[in-house]
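Engineer: got a sequence here, can you build the structure:
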Amino acid sequence: MDMIMIEKSDFDKLAGRIEEIAEHIRKGGSGKTSGGADRWISGREATEMLGVSPRTLQRYRDSGRIQFSKIGRNCLYRVSDIERALEAHSIDGTEEKPEGLRRQYLVRTGKSGNRQKKT
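Structural biologist: Numbering: from 1, shown residues only. Got it, this is the predicted structure:
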């Protein structure tokens, strides 16, 4: 067996760092970085999370549905912004009355319900 000798101060630093990592794991690794900032993901990860194509994700950026940051040619998205967009556009599936379903359809498609009926 090989033996490696290190100074006590270096060992203490290493042990402290291991304890920090263990504490982070115990807390569940909340998806946030050490500075408290939200985690950023790539466009590919965002399309997978949303279940949309890259072009649809671009439409969401252009329309302001999802906030993003652009560094060079890469667009990055906060996980919390994607989750917020999903929550804001979620539709309750418990409506059984036709008017409730119609209202949800209009919300989902972004159409206005102000069309006049033909007589």
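
Engineer: please make it C-alpha for all contacts and neighbour counts, starting now.
Structural biologist: Will do.

Engineer: any idea which helix or strand comes after the lengthiest helix in the chain?
Structural biologist: Identified as the longest helix of the chain according to DSSP state H is helix 8-26. Where DSSP states H and E defines the elements, the next helix or strand beyond helix 8-26 is strand 40-42.

Engineer: report the buried residues of that following strand.
Structural biologist: Judged by neighbour count (16 or more other C-alpha atoms under 10 Å), strand 40-42 contains these buried residues: 40, 41.

Engineer: can you list the strands that it pairs with?
Structural biologist: Note on strand 40-42: by DSSP bridges, its sheet partners are strand 74-78 (antiparallel).

Engineer: would you mind putting the CA coordinates of the strand it pairs with into PDB?
Structural biologist: Listed next in PDB are the C-alpha coordinates belonging to strand 74-78 (Å, rounded to 0.1, in the frame of the first residue of the first chain):
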ATOM      1  CA  ASN A  74     -25.700  31.000 -27.000                       C
ATOM      2  CA  CYS A  75     -29.000  31.600 -25.400                       C
ATOM      3  CA  LEU A  76     -29.300  30.600 -21.800                       C
ATOM      4  CA  TYR A  77     -32.500  30.200 -19.700                       C
ATOM      5  CA  ARG A  78     -33.100  30.200 -16.000                       C
END
